[in-house]
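J.: Predicted coordinates and the sequence they were generated for:
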Amino acid sequence: MTKLAEAIRIALLVLALGAIAACSPTYRFHGYAPDDARLEQIEVGADTRESVAEKIGRPGASGLLRDGAWYYVQSDWRHAGWRAPEEIDRQVVAISFDGGGTVANVERFGLEDGQVVALSRRVTERQTSGITFLQQLFGNIGNFRADQFVE
C-alpha cells in the first residue's frame, strides 16, 4: 500500500469517527428538585418556611397562583445532533404553606404527570382574507371625497 493510500485511509477513518462523535447526544440538566430522602426531613404541620429553607434550600420559583407555595423544578434534556431538544425527565416538588407559614402539603410530580396547557392566543383576525394587496390599494380609489380632507 502506498503512503498516499494510507493517508487517505486514515483521513477517512478520522472523518468517520468525527461524524459519529458529532451525532452522539449531549445531556443538560436544569434546575433543582430535592430527592425523597431530603423531603422526608420535612414535617407537615411542624416545619416553617425558614426551616424548609435550611433543610433543602429556597426554590427557584414561588407560587404565583396560590400564595404560599414553593416549587422546585428540575428538567433533564437530551440534545442529539440536528434534532430538537427532547425533555427526558422532569421533577416538580410543590411545598404548600398555610396562612401561618407552616407546611401544609408536600407533593412530587414527574414528566408523566404533566399536561399540555393551551395558551390563549391574542391574534387579531384578518378581515382581508382572499384580497390581495393591490386589490386593497386600488379598491380605495373613489371612496374618498374632497370634503373629508378639508377641515
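T.: Perfect, I can see it now.
J.: Which helix or strand lies directly C-terminal to the lengthiest helix in the chain?
T.: Longest among the helix segments of the chain by residue count, using DSSP state H, is helix 3-23. Using DSSP states H and E, the helix or strand that follows helix 3-23 in sequence is strand 26-31.
J.: That next one packs against which elements?
T.: strand 69-79 (3 or more CB pairs under 8 Å, 6 or more residues apart in numbering; DSSP states H and E). The C-beta positions use only the backbone N, C-alpha and C, and glycine is treated the same way.
J.: try 10 Å this time
T.: Here strand 26-31 touches strand 69-79, strand 86-97, going by 3 or more CB pairs under 10 Å, 6 or more residues apart in numbering; DSSP states H and E.
J.: I'd like to know which of those lies nearest to residue 35.
T.: Distance to residue 35, taken as CB to CB, is lowest for strand 86-97 among those, at 9.0 Å.
J.: going on from the closest one, what's the next piece of helix or strand?
T.: Criterion used, DSSP H and E; the element after strand 86-97 is strand 103-110.
J.: Return the alpha-carbon coordinates of that following strand using PDB.
T.: Output of strand 103-110 as PDB, limited to C-alpha atoms (Å, rounded to 0.1, in the frame of the first residue of the first chain):
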ATOM      1  CA  VAL A 103     -46.000  23.300  55.800                       C
ATOM      2  CA  ALA A 104     -49.500  22.100  54.700                       C
ATOM      3  CA  ASN A 105     -48.500  19.600  51.900                       C
ATOM      4  CA  VAL A 106     -45.600  18.200  50.000                       C
ATOM      5  CA  GLU A 107     -46.100  16.800  46.500                       C
ATOM      6  CA  ARG A 108     -43.900  15.500  43.800                       C
ATOM      7  CA  PHE A 109     -44.900  15.400  40.100                       C
ATOM      8  CA  GLY A 110     -43.000  13.800  37.300                       C
END
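J.: so residue 82 sits right up against residue 25, yeah?
T.: No: in this structure residue 82 lies outside contact range of residue 25 using CB atoms under 10 Å: 11.8 Å.
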